[in-house]
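K.L.:
based on what follows, work out the 3D shape:
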Amino acid sequence: MSRGDLLTEQRNPRSMDLDSLSITETLNLINSEDQGVATAVGRALPQIAHFIEVVVQRFQAGGRLIYIGAGTSGRLGVLDAAECPPTFSTPPEMVVGVIAGGLKALTRSIEGAEDHGQTGADDLKNLMLTSADAVLGITTGGTTPYVLGALDYARQVGAYTGLLVCSDEAHQASSADQLIAIPVGPEVVTGSTRMKAGTATKLALNMITTAAMVQLNKTYSNLMVDLKALNDKLWDRGTRIVTELTGLQADEALDLLRRAGGEVKTAILMQEKGLTAAGSRAELELRGGSLRQALRGES
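P.N.:
Residues are numbered from 1 along each chain as shown. Predicted coordinates:
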């Protein structure tokens, strides 16, 4: 099929002289084009928010969020999924990234992997997709067969579906439950959607998982309290968070964190409520993991 009418494939009138520009002029042009990306994402906030609301419901019911895409779109989905366990202490199966061509496609282009809708469906089948899950297809132009085939299968299973695109034409091809359209306009290099479209996708995915995890009580204020220290960096970060919220000195906070098994929430409750580690964990479990409610004694 011809994709020449897609916004993501149009020539950018502002970069027609690209090959005659100096390095500095090229950078200024790219930077100028990038200025509009956040604005385009901002216009899509209602769509993004609705998708997040459903994803949170799926998480609370034991479901998963699955990103699926090809090329840059797939890599960004895999990246966002991979960042959730170290950032929010989530199990690795809670947010999953799937890319056309499999793991090899993360580091090198596998041409043709995106052209087969059945492969997208098969990749979701291999994940044992269920109606409890949410699937976000990511395709900048809205036409990638691999992604659309995956979404067709997801709808058959009864999973909640979203489609994230960077083209204003994609609604014609979408029958997903929620379309997230972020038209960023033609790229500086025609068709190079790793640029503005990739940036817009990264911003949107950051929002989806971050806002969802906040709703799941992974933070207290703006502190990442649902953290378990597993390396030197996290021990340092966890100690600083415990110090911030308890007023303990750094060495005291580190000792407390060690007695809490490296769990920041547990350590804070131990100090503030005089509980054992086991008692702190039980309090958090009772309150859905909310440190704020546990500190206040709320149910």
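
K.L.:
alpha carbons only for contacts and neighbour counts from here, please
P.N.:
Will do.

K.L.:
for the strand or helix carrying Y67, packing partners?
P.N.:
Assigned by DSSP states H and E, Y67 falls within strand 65-69. Judged by 3 or more CA pairs under 8 Å, 6 or more residues apart in numbering; DSSP states H and E, strand 65-69 is in contact with helix 71-88, strand 95-99, strand 134-138, helix 145-157.

K.L.:
can you say which of those is nearest to S167?
P.N.:
Closest approach to S167 among those (CA to CA): strand 134-138, 11.5 Å.

K.L.:
parallel or antiparallel, which strands does that closest one pair with?
P.N.:
Strands that pair with strand 134-138, judged by DSSP bridges, come out as strand 65-69 (parallel), strand 160-165 (parallel).

K.L.:
packed most tightly, which of the helices and strands packed on strand 65-69 would that be?
P.N.:
strand 134-138 (a mean of 29; mean count of other CA atoms under 10 Å).

K.L.:
output that strand as PDB - backbone C-alpha positions only.
P.N.:
The C-alpha coordinates for strand 134-138 follow below in PDB (Å, rounded to 0.1, in the frame of the first residue of the first chain):
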ATOM      1  CA  ALA A 134      -4.400  -3.900  28.100                       C
ATOM      2  CA  VAL A 135      -2.500  -3.600  24.800                       C
ATOM      3  CA  LEU A 136      -1.100  -0.400  23.400                       C
ATOM      4  CA  GLY A 137      -0.100  -0.700  19.700                       C
ATOM      5  CA  ILE A 138       2.500   1.900  18.700                       C
END
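
K.L.:
nearest to L29, out of the helices and strands packed on strand 65-69?
P.N.:
helix 71-88 (21.8 Å).

K.L.:
for the most centrally placed residue in the chain, which non-adjacent residue is closest in space?
P.N.:
Ranked by distance to the mean C-alpha position of the chain (CA atoms, centre = their mean), the top residue is L205 at 3.6 Å. With sequence-adjacent residues excluded and distances taken as CA to CA, 6 or more residues apart in numbering, L205 is closest to D80, at 6.6 Å.

K.L.:
contacts only, for the one you found.
P.N.:
97, 205-206, 209 (CA atoms under 8 Å, 6 or more residues apart in numbering).

K.L.:
what angle do the strand holding Y67 and strand 95-99 make?
P.N.:
Interaxial angle of strand 65-69 relative to strand 95-99 (axes from the mean of the first three to the mean of the last three CA atoms, to 10 degrees): 10 degrees.

K.L.:
wait, which of the strands paired with strand 134-138 is closest to L124?
P.N.:
strand 65-69 (8.7 Å).

K.L.:
any stretches of the stretch 101-250 of the chain with poor pLDDT?
P.N.:
Low-confidence regions of the stretch 101-250 of the chain, defined by pLDDT under 70, span residues 169-174.

K.L.:
let's see 50
P.N.:
Residues of the stretch 101-250 of the chain meeting the criterion pLDDT under 50: none.

K.L.:
can you put the helices and strands packed on strand 65-69 in CSV and add distance to A267?
P.N.:
Below are the helices and strands packed on strand 65-69 laid out as CSV (distance: least, CA to CA, whole Å):
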stretch, distance to A267
helix 71-88, 16
strand 95-99, 26
strand 134-138, 33
helix 145-157, 41
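
K.L.:
right, and the ones you listed - which one's nearest N217?
P.N.:
When those are compared (using CA to CA), the closest one is helix 71-88, at 9.8 Å.

K.L.:
quick one: which of the helices and strands packed on strand 65-69 is nearest N12?
P.N.:
Between N12 and those, the shortest separation by CA to CA is 20.2 Å, and it involves helix 71-88.

K.L.:
circling back to that earlier point, quickly find the element holding the residue nearest to the centre of the chain.
P.N.:
helix 196-215.

K.L.:
and the next element down the chain from that helix?
P.N.:
Toward the C-terminus, helix 196-215 is succeeded by helix 232-246 as the next helix or strand (DSSP H and E).

K.L.:
re the thing from before, could you dump the strands paired with strand 134-138 to CSV with distance to D115 and mean neighbour count?
P.N.:
Listed next are the strands paired with strand 134-138 as CSV, based on distance: least, CA to CA, whole Å; neighbours: other CA atoms under 10 Å:
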stretch, distance to D115, mean neighbour count
strand 65-69, 11, 27
strand 160-165, 17, 26
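
K.L.:
quickly list the domain ranges of this structure.
P.N.:
7-215, 232-296 (automatic domain parsing).

K.L.:
show me what contacts T199?
P.N.:
Shown in contact with T199 (CA under 8 Å, 6+ apart): V37.
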